[in-house]
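# Have a look; sequence and predicted model below, questions after that.
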Amino acid sequence: MLKPNYDDSILQIKDLVLNSKRKKTLFILIDAFGYKILEKIKKDKYVRKVLRESKLRKISSVFPTTTTAAITSIFSGEPPGKHGLYEWKVYSSKIKMEFNPLPFEAVDEKMQKKFEKIATPSLIKHKDFIKDLHKKRVSVYQIYPHELKGSLYNFNKGDLVFYRNIVEAVVKTKNVIKNEKKKSFFYLYLPHYDESEHLNGPFSEESIALIKEIFRLIYNELFSIKGIKIIITADHGCVSIKKEIKLESKKWFWENVWQNLKSCCRRKIFPVGGSRDVFLHVKENKINYVLTVLKKRLEKYAEIYKTKDLIDNGFFGKKTSKQFLKDVGNIIILPKDNIDITFYVKHKFNGDHGGLSKDELFVPLIIH
């Protein structure tokens, strides 16, 4: 199991942007574009051209290696243990339920109406270098997929531009850059490669073809713009998935683990996190018992830890917030390479992330 290096990681993107000497800075985030993938495609014509005209470094993502945790870390400059938005599914002690931060909705569909009544944007509020840019009177443009229109996660982030496909994304980015005359910052978010990896696998023919096409578009449409600083990186990488273990199908889970999970508002706190990092909220007096059960049943497939041990060893960053400690749970299941461990997940993934394998943890930093 590897450990994030927060001193040489995506947390430093914030300083790269704020300290840019160029009049215009473009930050491109290719979701799930791990360093291992770059090594796979580095002989491609347009990848070689991009790298030849840029500087390349291998840097660390954060833990968990998820979009929610990593993007929040990039824009806040804080590790997940500090900002607290550590996964797709999290538990909030403030509203006493599980929710998904990015789409801002309840995990349990039956709780959605209650969530809408009690949840406020303060649940996902965090530090954001966009505010620092505004203070410096830098014009800010953020280019997102159309399906994210209306997302509360994008509030107070400058002018929003939406696109419906990758070609439109890159062309719209080129046009807003050329039309802006003032000192400006542009953020282009590309989630398509992540989607393909989940569906087809990170090293599938479909995913490799897609990432090569992304580099072709970036080089042909954006590298020709004069006088602009371009920063390309990823939030995390991705690992191939060969086996899925469904906890809800295991009798031992219901008898020995589920019964010992904490309850809130007359209902159990569901396992949260993701399929590569399962977080459990276990009754305090049952932690050692549940650890023993999990290690016996899952020893071939996962490593099991007390959350406190990973916190104390800096896996979530050097500092953690009080709210994070209240919300995060006390046992973590970390599946080994190529394995997902799920709890009522509808779709089987051929690629996934959230864990601490080298494929998930390391990403490229390309600066043009």
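The structure has been received and is ready for your questions.

# give the contact list for the residue most central in space within the chain.
To find the centre residue of the chain, average its C-alpha atoms and take the closest one (C-alpha atoms, centre = their mean): that gives residue 67, at 1.4 Å. For residue 67, the contacting residues are 31-32, 88, 102, 191, 194, 235-236, taking C-beta atoms under 8 Å, 6 or more residues apart in numbering as the criterion. (Each C-beta comes from the backbone N, C-alpha and C, glycine too.)

# By neighbour count, which of the residues you listed wins?
The most crowded member of the contacts of residue 67 is residue 32, carrying 31 neighbours; neighbours defined as other C-beta atoms under 10 Å.

# Would you map the helices across the stretch 1-150 of the chain?
Using DSSP state H, counting those that start in this stretch, the helices of the stretch 1-150 of the chain run over residues 13-18, 35-41, 45-52, 67-76, 80-83, 112-118, 129-135.

# Once you drop chain neighbours, what's closest to residue 111?
Once flanking residues are discounted, residue 111 sits nearest to residue 97: 5.6 Å by C-beta to C-beta, 6 or more residues apart in numbering.

# wait, what's in contact with that neighbour?
Applying C-beta under 8 Å, 6+ apart, one finds that residue 97 lies in contact with 91, 106-108, 111, 114-115, 264-265.

# Distance check, the nearest residue in space to residue 129 that is not next to it in sequence against residue 199.
Computed as C-beta to C-beta, 6+ apart, the closest residue to residue 129 that is not its neighbour in sequence is residue 14, at 4.7 Å. Taking C-beta to C-beta, to the nearest Å as the measure, residue 14 falls 31 Å from residue 199.

# can you check residue 44 too?
Spatial separation of residue 44 from residue 199 under the definition C-beta to C-beta is 22 Å.

# the more surrounded of the two?
residue 44 (17 against 14).

# if I look at that one, how far off is residue 56?
As judged by C-beta to C-beta, residue 44 and residue 56 stand 14 Å apart.

# and what of residue 62?
Separation of residue 62 from residue 56 (C-beta to C-beta) stands at 20 Å.

# and if you look at residue 128?
Where residue 56 is concerned, residue 128 sits at a distance of 27 Å (C-beta to C-beta).

# In terms of neighbours, single out the busier of these two.
Residue environment comparison for residue 128 versus residue 56 gives the larger neighbour count to residue 128, 18 against 15, counting by other C-beta under 10 Å.

# Am I right that residue 189 is in contact with residue 70?
No. Residue 189 lies out of contact with residue 70 (C-beta atoms under 8 Å); the separation is 11.9 Å.

# What about residue 4, how many residues nearby?
Residues within reach of residue 4, counting by other C-beta under 10 Å, total 26.

# which residues does it contact?
Listed by C-beta under 8 Å, 6+ apart, the contact set of residue 4 reads 60-63, 79, 315, 356, 361.

# And it, how far from residue 30?
When residue 4 is compared with residue 30 (using C-beta to C-beta), they lie 19 Å apart.

# Can you pull the phi/psi pair for residue 278?
Phi and psi for residue 278, reported as degrees, to the nearest 10, are phi -90, psi 120.
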